[in-house]
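Visitor: Provided below for reference: sequence and predicted model.
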2 protein chains.
Amino acid sequence: MASERRLGSPEAKNRQVLLDAAEQLMLAEGYAAVTARRVAAQAGLKYQLVHYYFRTMDDLFLALFRQRAEEGRERQALALASSQPLWALWEFSTDPAGTRITMEFMGLANRNEAFKAEIARYAELLRAEQLEALPGILQRYGAAAQAYPPEVLAVLLTSVSRVLVMEQMLGVSLGHAQTRQLVERYLRELEGDRRATGD
Amino acid sequence: MASERRLGSPEAKNRQVLLDAAEQLMLAEGYAAVTARRVAAQAGLKYQLVHYYFRTMDDLFLALFRQRAEEGRERQALALASSQPLWALWEFSTDPAGTRITMEFMGLANRNEAFKAEIARYAELLRAEQLEALPGILQRYGAAAQAYPPEVLAVLLTSVSRVLVMEQMLGVSLGHAQTRQLVERYLRELEGDRRATGD
DNA sequence: GTCTATAATCAGATAGAC
DNA sequence: GTCTATCTGATTATAGAC
């Protein structure tokens, strides 16, 4: 029953090369373009190596997701701990690459239940970690910052940034400038002008 | 040069059967699962028929998109012309099937530039049509409705509904109840309780 | 750790019979 | 309008040589 097949070590250099190549492909052409052959070609390796490091393509996707999700958590933690946490969170959320890859993984979730659960788990974790930090942050900013509960703020921030980025990638921009202005005016009210990020 | 190949009439019944089957597959398993063979199986037809009605699979996707996009436009127009336009727009925007298929088409946009342009065109058209109607609607509701410019309102409404639906499909719900309450309180302030929709 | 070779499956697309 | 037959190429995955 148990698979006898050999599997490469998670620390091997080429394993990471393959993961990076897979991510590039995913960003450029979507998850459906991520085949063992194309990943290997992108990485300059033979495609059988993909199967040496990952039993199945879904294993590769899962490994990539976990790696990037952990990096996202760390970036968000840094943002929340910085001197202008709301500005930093906004910038983190409006990063195009992050949104792009998240959307691709949500597409993958549609065909793999285990995947879906994993992604949901991380999405909820990210929001929960926002919700741990937000009350303290908003408290520092006084009454003006208490207009909306932290839960609402977290959802609004995620929503607006995600859709702005998605539409921008598509080439849609109607109403973006005005919405961006509104958000940034709000951030400026609470945290002042955005300072150079040295966090 | 010009293709001599026969193509079935756009009015044929089985053409529509194939489009519907493709949509079901797309909703259930994502665009990558939409192959000629699987579409035909879902429709109970032979897979060569797919190529009879659509020269390529991309032609099928494009036909499906245009059809559904037009339906979406009509639904939105009805909503905007109804007696509680903001409520109706909110309900239209939080329809899971609509969001789901839009996401799939955005995935497809990533691998086909013509597709991307077409989707962008429709997305912008939908928003533009919202922006034609919104000023008049907000004016009817007096000063309370003028807090945000129509452009911002349109983007916010789209953003929040889209992300709520996406996360709900994934199984994430942190902060959703509070956000929904906020939106619905706002709608109630302007348009009163939601009445049975008989528009 | 990397490669050759191979198996089994599935894909899009077309020609032509009925 | 629908089907059979067929071509061509890509895909995942595995076994085993080096």
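Guide: The structure has been received and is ready for your questions.

Visitor: my guess is residue A:40 meets residue A:53, correct?
Guide: No. Counting by C-beta atoms under 8 Å, residue A:40 does not reach residue A:53; the two are 10.5 Å apart. The way it works is simple: take the backbone N, C-alpha and C, and place the C-beta from them, glycine included.

Visitor: For residue A:87, the count of nearby residues, please.
Guide: 21 (other C-beta atoms under 10 Å in any protein chain shown).

Visitor: Do you know the pLDDT at it?
Guide: As predicted, residue A:87 sits at a pLDDT of 98.

Visitor: List the residues that contact it.
Guide: Contacts for residue A:87 (C-beta atoms under 8 Å, 6 or more residues apart in numbering or on different chains) come out as A:187, A:191, A:194.

Visitor: and those near chain B, which?
Guide: Taking C-beta under 8 Å from any C-beta of the partner chain as the test, chain B is in contact with none of these.

Visitor: sorry, back to before: which residues do residue A:40 and residue A:53 both contact?
Guide: Residues touching both residue A:40 and residue A:53 by C-beta under 8 Å, 6+ apart: residue A:18.

Visitor: How many neighbouring residues does the nearest residue to residue A:115 once chain neighbours are set aside have?
Guide: Distances taken as C-beta to C-beta, 6 or more residues apart in numbering or on different chains put residue A:109 closest to residue A:115, at 5.1 Å, once the chain neighbours are dropped. Residues lying near residue A:109 (other C-beta under 10 Å) number 21.

Visitor: for residue A:78, same thing?
Guide: 14.

Visitor: And the helix or strand hosting residue A:168, what's buried?
Guide: Per DSSP states H and E: residue A:168 is located in helix A:150-170. Neighbour counts over helix A:150-170 (16 or more other C-beta atoms under 10 Å in any protein chain shown) mark A:150-167, A:169-170 as buried.

Visitor: Counting by contacts, list what the helix of greatest length in chain A packs against.
Guide: Counting by DSSP state H, the longest helix found in chain A is helix A:113-140. Contacts defined by 3 or more C-beta pairs under 8 Å, 6 or more residues apart in numbering or on different chains; DSSP states H and E place helix A:113-140 against helix A:57-81, helix A:85-93, helix A:96-109, helix A:150-170, helix B:150-170.

Visitor: one step back: please pick the buried ones from the contacts of residue A:87.
Guide: By 16+ other C-beta under 10 Å, the contacts of residue A:87 give A:187, A:191 as buried.

Visitor: for the contacts of residue A:87, which one is nearest residue B:36?
Guide: residue A:187 (49.7 Å; C-beta to C-beta).

Visitor: what domains does the record give for chain A?
Guide: A:7-55, A:57-190 (automatic domain parsing).

Visitor: For chain B, tell me whether stretch A:59-72 is touching it.
Guide: No. Stretch A:59-72 lies apart from chain B when judged by C-beta under 8 Å from any C-beta; the minimum separation is 12.1 Å.

Visitor: For that stretch, list the C-alpha coordinates in CSV.
Guide: C-alpha atoms of stretch A:59-72 as CSV (Å, rounded to 0.1, in the frame of the first residue of the first chain):
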residue,chain,number,x,y,z
ASP,A,59,1.4,18.0,-4.0
LEU,A,60,3.4,20.7,-5.8
PHE,A,61,0.5,23.1,-5.7
LEU,A,62,0.0,22.4,-2.0
ALA,A,63,3.7,22.8,-1.2
LEU,A,64,3.7,26.1,-3.1
PHE,A,65,0.6,27.3,-1.3
ARG,A,66,1.9,26.5,2.2
GLN,A,67,5.2,28.2,1.5
ARG,A,68,3.7,31.4,0.1
ALA,A,69,1.0,31.4,2.8
GLU,A,70,3.6,31.3,5.5
GLU,A,71,5.4,34.2,3.9
GLY,A,72,2.2,36.1,3.7
